[in-house]
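> Give me a 3D structure for the following:
(chains A and B)
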Amino acid sequence: DTAVSQTPKYLVTQMGNDKSIKCEQNLGHDTMYWYKQDSKKFLKIMFSYNNKELIINETVPNRFSPKSPDKAHLNLHINSLELGDSAVYFCASSPMLERPMGNEQFFGPGTRLTVL
Amino acid sequence: GQNIDQPTEMTATEGAIVQINCTYQTSGFNGLFWYQQHAGEAPTFLSYNVLDGLEEKGRFSSFLSRSKGYSYLLLKELQMKDSASYLCAVRPDNTDKLIFGTGTRLQVFP
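Numbering: from 1, shown residues only, chains lettered A, B, ... in the order given. Presented below is the predicted three-dimensional model:
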């Protein structure tokens, strides 16, 4: 009965490689997100999709490409990995609620990416 | 720019009360969230404020003053399991984008 799941949980790879992280939510939410949490625990939004449409695209290198095949899935592909990409990547989802309701975000368990 | 400030670390004793402050300067304001994150785990939602005042939820309360750009999270009857990072986040516009502070690491001692 996992709400937001991510695979893999750990990913260790060499610089220059291409890798993907997958995210799935079974909450029926319309909106999904990718966040990056660096070594100082600073959590920063990267992308947001609503019903497969890109809504938020922060200043992220274009080596990062999200893809949403349907509203329950949001994958993140990273090309030409660099040392600075090492971080924990969290997927999250939220329902579409009318303001001023909270639209809390539900986070997945995270993927710890280590680039050597 | 967007700026959210919280103390980096706090300590408290089991059974006590602790207040974690958050000040923000953002391009707009459409709500403030508090999340709890235990080491190695995902953030989990604690509270949401969009109007001025206090929201109470069991042992946890959150306060907001929009005119002062200020919020606090109040934790009462502290338990060891409350040792975690507490993240303040602001939604600056009408999207669901959240701007997070760097978090406050709280350690509860017996």
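> drop to CA atoms for contacts and neighbour counts, all remaining ones
Will do.
> Just checking the distance from stretch B:11-25 to the centre of its chain.
Stretch B:11-25 sits 9 Å away from the centroid of its parent chain (Cα atoms, centre = their mean, to the nearest Å).
> you'd agree residue A:85 is up against residue A:115?
Yes. Using Cα atoms under 8 Å, residue A:85 is in contact with residue A:115, at 6.9 Å.
> Does residue A:64 touch residue A:75 like I think?
No. Between residue A:64 and residue A:75 there is no contact under Cα under 8 Å: 10.4 Å.
> And the least confident helix or strand in chain A by mean pLDDT, what's buried?
Using mean pLDDT, DSSP states H and E, the weakest-scoring helix or strand in chain A turns out to be strand A:53-57, at a mean of 86. For strand A:53-57, burial by neighbour count (16 or more other Cα atoms under 10 Å in any protein chain shown) applies to A:54, A:55, A:56.
> Same list, those residues, but as CSV with distance to residue B:28 please.
Converted to CSV, these look like this (distance: Cα to Cα, whole Å):
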residue, distance to residue B:28
A:54, 22
A:55, 18
A:56, 16
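> Give me the neighbour count for residue 106.
Reading this off chain A. Look at residue A:106: counted by other Cα atoms under 10 Å in any protein chain shown, it has 22 neighbours.
> Chain B was what I was after
Count around residue B:106 with other Cα under 10 Å applied: 20.
> Check for me that it belongs to a strand.
Yes. In this structure, residue B:106 lies within a strand as judged by DSSP: H, G, I helix; E, B strand; the rest coil.
> Return the distance of residue B:80 relative to chain A.
21 Å (Cα to the nearest Cα, to the nearest Å).
> If you could redo that for residue B:97, that was the one I meant.
In terms of Cα to the nearest Cα, residue B:97 sits 7 Å off from chain A.
> Could you do residue B:108 as well?
19 Å.
> same thing with residue B:68?
Distance of residue B:68 to chain A, given as Cα to the nearest Cα: 20 Å.
> Which helix or strand contains that residue?
Using DSSP states H and E, residue B:68 sits within no helix or strand.
> check contacts around it.
Contacts for residue B:68 (Cα atoms under 8 Å, 6 or more residues apart in numbering or on different chains) come out as none.
> those strands in chain B, which residues are they?
B:3-5, B:9-13, B:18-25, B:32-37, B:44-49, B:53-57, B:60-65, B:70-75, B:84-90, B:99-100, B:104-109 (DSSP state E).
> again but with chain A, I slipped
A:4-7, A:10-13, A:19-25, A:31-37, A:43-50, A:53-57, A:64-70, A:73-78, A:87-94, A:106-107, A:111-115.
> weakest of the ones you listed in terms of mean pLDDT?
Sorting these by mean pLDDT places strand A:53-57 lowest, at a mean of 86.
> Sheet-wise, list the partners of that strand with their directions.
Sheet pairing of strand A:53-57 (DSSP bridges) gives strand A:43-50 (antiparallel).
> near chain B, which residues of chain A?
Residues of chain A found near chain B (Cα under 8 Å from any Cα of the partner chain) are A:40-45, A:48, A:56, A:90, A:100, A:102-110.
> count of residues packed around residue 77?
No chain in the question, so chain A it is. 14.
> wrong one, I was asking about chain B
13.
> Same question for residue A:74.
When neighbours are counted by other Cα under 10 Å, residue A:74 comes out with 27.
> Tell me who's in contact with the nearest residue to it once chain neighbours are set aside.
Leaving out its chain neighbours, the residue that sits closest to residue A:74 by Cα to Cα, 6 or more residues apart in numbering or on different chains is residue A:68, at 4.5 Å. Shown in contact with residue A:68 (Cα under 8 Å, 6+ apart): A:49, A:52, A:53, A:74, A:75.
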